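Undergrad: Show me the folded form of this:
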Amino acid sequence: MMKRNFGVSGAVLATAFVAGLAGIVSPAHAQTKVVVDPGKKYQVFEGWGTSLCWWAVKAGAWSEANRSKLLGAIADPDTGLGYTIFRYNIGGGDQPGHNHLTKGDGGANVPGYKPTEKGDFDWTADPYQRTIAIELSKRVKDPIFEAFSNSPPWWMTKSGCVSGSSDGSDNLKEDYFDDFADYLSEVALHFKKEWGITFRTVEPFNEPSAGWWKSNGGQEGCGFKNNQTKMIVELGKALQKKGLFPETSVSAADETNIGDALNQFNKYSGEALSYMFQVNTHSYSGGDSRAKLFNAAFAKDKKVWQSETGPLHKSGDENIALWMAGVILADLRDMKASAWVDWQIGDPAENWRSLALNHSKQTFSPNARYYMHAAFSRYIRPGSRIIDSDNGNTLAALTPEGALVLIVRNSGSSDVKYEFDLGEFVKIGTSAKVVRFELPGSLTKQSDIVVSGKALSMTAKSNTITTMVIDGAEGGACKPDSIIPYSKINNNEGWSTATEISLSKGDSLSIGPHPWEGGRWLWSGPNSFTSTNREIHLGKMDGTMSGYYKAVHTNASGCEGSVTFKVVVDDPDHPFVEPDTNKQDSTGDSSSVALRDFGMCRHETFRSDELLQVFDLQGRYLRNVYDFNLKKLAPGVYLVKRGSRMLRVRVP
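TA: Below you'll find the predicted structure:
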């Protein structure tokens with residue numbers, strides 16, 4: 001088990017901030033009893049991180065010794081922040097003669113890898129940001145790298161400027177979508193082959209619908225409000241053509257407003273979704289759409305990343321570190337983000353940074369935000385599972401080592417007493433190790449707290465964050481949602497909860513079980529009927545459509561519930577016959593497995609002599625296989641490459 005150190009540890013304009021932190025930024029909840037339920041398991045947390053632009057463009061020029069100290073403060077899991085996710089900015093590179101990219105102490109002037117349309121790629125460009133990325137790849141265990149673009153190269157833009165168009169509208173030339181996809185995928189390929197960094201995802205946009213990216217601005221930016229689906233498909237095809245997909249997939253769309261991210265995601269075509277691994281959003285605004293975005297992404301089997309945020313719309317006198325802790329809680333609790341990524345860890349503005357960087361002296365110093373982040377990131381490590389706690393100022397997680405982590409935020413002026421009910425655990429340790437973040441900026445070890453009778457009582461001091469770790473946490477049976485059947489015959493009749501339905505030939509049938517939002521639905525029925533919608537509509541029915549329609553609902557905890565409808569159509573030409581449940585499936589020397597081909601559900605048979613490539617769902621290559629029975633794989637879901645097609649295979 002990895003030891004944790006419990007000692008002392010030494011953006012851009014956006015729209016108005018929507019009150020997405022209601023109940024989070026208040027001093028404290030009136031309720032002080034908190035029930036922690038390990039049976040309600042939510043996202044597997046992938047890690048904490050930061051973008052590399054623009055601080056890395058400057059810090060990469062530091063001496064090797066000074067860089068090492070800085071990266072230790074960022075990446076060390078015991079004495080630093082333990083960050084494992086890093087977003088590398090593929091620069092567009094501005095037109096010669098443009099000298100306006102001055103943000104980030106000049107770090108915003110990120111060089112592009114193809115400075116002219118007719119010239120070759122320049123792989124010596126951007127040496128400093130790349131140096132930081134390479135050194136992090138060697139220092140960090142199992143890092144996740146994402147590449148993202150703020151703008152295409154200047155020569156692909158309508159304005160000839162990488163900070164935007166003249167009026168903030170879309171700035172990529174209409175016939176350059178494939179060129180931009182080729183540019184991004186070529187950089188990703190070079191990073192993998194020459195520098196040993198495989199980007200898990202490539203994000204072609206940054207705040208694309210915002211409308212404020214205008215020429216001669218202080219940083220790269222490109223409007224992309226329209227045609228996001230087209231760009232995602234072009235990029236996916238380019239990654240596939242170069243042999244990078246699915247190990248490297250597409251992410252989108254890094255909108256500044258969570259509501260915009262939701263609206264754009266709902267417009268993506270099935271083809272675009274087939275190339276996407278995750279949904280990225282910034283959480284600067286649109287907080288009331290957090291849960292809606294998660295529900296939409298979960299229904300399409302996509303992760304959600306909070307890929308950039310900061311105190312853009314902070315108001316009032318609440319300390320910045322405690323305010324940002326509220327953002328973390330909302331993003332992880334309500335949006336169920338699988339990763340939480342800061343804008344840039346070393347921003348020049350005090351409220352935006354965790355480390356103050358002096359590039360001329362090559363030194364750095366931590367501030368209050370740094371210690372606040374450490375209270376989360378040192379203890380909720382990659383692979384931890386966020387579980388349910390019924391108070392908005394708390395966060396609960398189970399670590400891979402079997403410890404329960406509880407975090408309590410109190411930004412109020414008075415102490416608050418909490419009692420944590422741990423009765424749902426089968427086993428739980430007898431004491432909690434405790435660290436506390438306090439102002440003006442420290443993280444210090446506190447006395448252990450006794451756990452008695454599966455309960456823990458503690459006092460959250462005012463203006464603090466308290467982190468408690470209890471070893472030996474076991475239990476939490478999966479709890480599926482209750483499925484309520486609803487159906488109606490023809491449009492002019494009311495809804496019924498009956499699961500046995502009789503119709504006349506020519507009738508229509510609508511079936512819409514509850515819960516009416518959240519989770520994933522998978523239908524199966526007669527004549528290979530399948531659907532991933534919650535509601536299904538069957539029109540002009542006849543006897544060939546009689547049979548059993550089964551809906552399986554998977555909730556956010558991964559727990560499955562189901563309901564089956566027996567549907568019989570009165571049709572003398574096709575009378576209903578009960579199916580033979582004793583019929584056996586014989587596949588001989590081939591392997592028949594349940595398969596989801598990017599939204600299409602069916603069975604597919606693989607020949608025993610067929611060459612297949614098998615990947616896990618993170619796109620990591622597992623093996624090539626000849627004469628291999630897929631049913632011998634461990635139960636689970638895999639990506640299987642069959643020729644030019646990528647299939648999602650479930651092995652029962």
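
Undergrad: check which helix or strand covers Y284.
TA: strand 276-285 (DSSP states H and E).

Undergrad: what packs against that strand?
TA: Identification of packing neighbours for strand 276-285 by 3 or more Cβ pairs under 8 Å, 6 or more residues apart in numbering; DSSP states H and E yields strand 199-203, strand 249-257, helix 258-267, helix 290-299, strand 303-308, helix 320-333. Every C-beta, even on glycine, is put in place using the N, C-alpha and C of the backbone.

Undergrad: wait, which of those is closest to G39?
TA: helix 320-333 (16.7 Å; Cβ to Cβ).

Undergrad: between the closest one and strand 303-308, how many degrees?
TA: Counting by axes from the mean of the first three to the mean of the last three Cα atoms, to 10 degrees, helix 320-333 lies at 160 degrees to strand 303-308.

Undergrad: I would like the residues contacting helix 320-333, please.
TA: Here helix 320-333 makes contact (Cβ atoms under 8 Å, 6 or more residues apart in numbering) with 20-21, 24-25, 43, 45, 283, 287, 290, 306, 309-311, 314, 337, 340, 351, 367-369, 371-372, 375-376, 386, 392-395, 409, 411, 437, 439, 441, 463, 465.

Undergrad: Filter those down to the buried ones.
TA: 20-21, 24-25, 43, 45, 283, 287, 290, 306, 309-311, 337, 340, 367-369, 371-372, 375-376, 386, 392-395, 409, 411, 437, 463, 465 (16 or more other Cβ atoms under 10 Å).

Undergrad: if you look at these, which of them are in strands?
TA: Q43, S283, Q306, W340, I386, T394, L395, R409, F437, I465 (DSSP state E).

Undergrad: between these, which is closest to N99?
TA: Nearest to N99 among those is S283, at 32.8 Å by Cβ to Cβ.

Undergrad: hang on, that closest one packs against G310?
TA: No - checked against Cβ atoms under 8 Å, the pair S283 and G310 is beyond contact range at 9.3 Å.

Undergrad: Give the buried residues for stretch 477-491.
TA: K479, P480, D481, I483, P485, Y486, S487, K488, I489.

Undergrad: now those as TSV including distance to F425 and pLDDT?
TA: Listed next are the buried residues of stretch 477-491 as TSV, based on distance: Cβ to Cβ, whole Å; pLDDT from 0 to 100:
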residue	distance to F425	pLDDT
K479	14	85
P480	20	91
D481	22	92
I483	27	97
P485	33	97
Y486	36	97
S487	39	96
K488	43	95
I489	47	95
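
Undergrad: Show me which of those residues is closest to A297.
TA: Using Cβ to Cβ, D481 comes nearest to A297 of the buried residues of stretch 477-491, at 17.9 Å.

Undergrad: where does the closest one sit relative to R520, distance-wise?
TA: 11 Å (Cβ to Cβ, to the nearest Å).

Undergrad: now the buried residues of stretch 477-491 in JSON lines, with secondary structure?
TA: As requested, those are exported to JSON lines (DSSP: H, G, I helix; E, B strand; the rest coil):
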{"residue": "K479", "secondary structure": "coil"}
{"residue": "P480", "secondary structure": "coil"}
{"residue": "D481", "secondary structure": "coil"}
{"residue": "I483", "secondary structure": "coil"}
{"residue": "P485", "secondary structure": "coil"}
{"residue": "Y486", "secondary structure": "coil"}
{"residue": "S487", "secondary structure": "strand"}
{"residue": "K488", "secondary structure": "strand"}
{"residue": "I489", "secondary structure": "strand"}
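
Undergrad: just those now: which is nearest T229?
TA: Nearest to T229 among the buried residues of stretch 477-491, with distances taken as Cβ to Cβ, is D481, at 31.3 Å.

Undergrad: So for that closest one, what's the nearest residue that isn't a sequence neighbour?
TA: Leaving out its chain neighbours, the residue that sits closest to D481 by Cβ to Cβ, 6 or more residues apart in numbering is N555, at 4.8 Å.
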